[in-house]
Structures are given as C-alpha cells and as structure tokens.
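[1] could you work out the structure for the sequence below:
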Amino acid sequence: MPQEISLSDVKGLVGKEIGVSDWITVTQKTIDSFADATDDHQFIHTDPVRAAAETPFGGTIAHGFLSLSLLSAMNYNCLPKVREQTMGINYGFDKVRFMTPVKSGARVRGRFTMVEARFRGGGMIMVTYDVTVEVEGERKPALTANWLTIIQFDPKDRPADA
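    Below you'll find the model as predicted:
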C-alpha cells in the first residue's frame, strides 16, 4: 500500500526513485480488449497463430500504447498519496520510447523517479517523472517515458515555502 505524504513533502522527493509497482500480467484477453477499444486489430496483437508463424516474437505482443496506458495502474499501486490532493491530472509526455515488445503473458512493472516538482498557480503542482516499464526476464525495458502530471489541491493548503 502506498504511503501518504503531505504536499510540503513533495519537493523533497525530487531526484529520488519513489515507487516500484507490483507486477502486472499482460494477458491475451487484455490485449484483445485494448484492440477492441482502439480499433487496432493488427495480427501481431490479436492472432496468436499467425504472430507465432510470421513474426520474430513467437506469438502476440501488446500494443505499445497498452503498455504505456498501464502507467496509470502502476502509479496508483506504488506512488505516495498526497493528503491534500483533490484531483490528479495527466498532463502528457515529453518523451516516450518503446524498447522491447511485451509478449502476451509477460509481466511488467513500473519504476518512477521524480525529476521535478514545480508549483503552478494557486492550487497546482506539476510533477515530472522518469518512468521505466520493466518486462520480467528481459534485459531491456518495455518503455521509458518522461511523464508530466498535475496534483490539484485547495490553494489554502499551499505550503508557505512553495
């Protein structure tokens, strides 16, 4: 269970690895559901027989965007909860690189390092993470990303030194 921290603690986490998520198994059912949601039914994702015969992967692989979308679940699983937070907002990515395919049945987990925490406006702090999604048993990660998020809070809770 992730720990709970105060808004005034956030800046002290800059430069530190602050969370490693539990492993998540990427099943064929998950891949197929993602294919249905995105209308991306390319055979390398949805046809295990053809993918085994016609690709170097030995079977189907997850969509890169599926691997990326799992960051939300990984975030909730391992990052500290900010007591004063009223809402979290995904602000986007400065950089994403897909490095190793995630094969159907593989397990993945996220590692989060906080690289910046900057107060913006009255009730927001922008937090930037360097994220690595590891694939169990693989030398290279599935992906690396520079992820920007916003912690929304009541402006009256803003630390005096922010």
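
[2] please make it C-alpha for all contacts and neighbour counts, starting now.
    Will do.

[3] from residue 65, how far off is the most centrally placed residue in the chain?
    The residue lying closest to the centre of the chain (Cα atoms, centre = their mean) is residue 71, at 1.9 Å. From residue 71 across to residue 65, the span is 10 Å (Cα to Cα, to the nearest Å).

[4] shouldn't the residue nearest to the centre of the chain be in contact with residue 112?
    No: applying Cα atoms under 8 Å, one finds residue 71 not in contact with residue 112, separated by 9.7 Å.

[5] the strands in this structure, which residues?
    Using DSSP state E, the strands of the chain run over 4-5, 17-20, 24-25, 81-82, 85-98, 107-120, 124-135, 143-153.

[6] and residue 67, what is it in contact with?
    For residue 67, the contacting residues are 102, 133, 142-143, by Cα atoms under 8 Å, 6 or more residues apart in numbering.

[7] so where's the longest helix in this structure?
    Ranked by number of residues, the top helix in the chain under DSSP state H is helix 28-38.

[8] then it to PDB, C-alphas only?
    C-alpha atoms of helix 28-38 as PDB (Å, rounded to 0.1, in the frame of the first residue of the first chain):
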ATOM      1  CA  GLN A  28      -4.200 -12.000 -24.400                       C
ATOM      2  CA  LYS A  29      -7.600 -11.000 -23.100                       C
ATOM      3  CA  THR A  30      -6.200  -7.600 -22.100                       C
ATOM      4  CA  ILE A  31      -4.500  -7.200 -25.400                       C
ATOM      5  CA  ASP A  32      -7.800  -8.100 -27.300                       C
ATOM      6  CA  SER A  33      -9.800  -5.700 -25.200                       C
ATOM      7  CA  PHE A  34      -7.300  -2.900 -25.900                       C
ATOM      8  CA  ALA A  35      -7.500  -3.800 -29.600                       C
ATOM      9  CA  ASP A  36     -11.300  -3.500 -29.400                       C
ATOM     10  CA  ALA A  37     -11.100  -0.200 -27.600                       C
ATOM     11  CA  THR A  38      -8.700   1.300 -30.100                       C
END
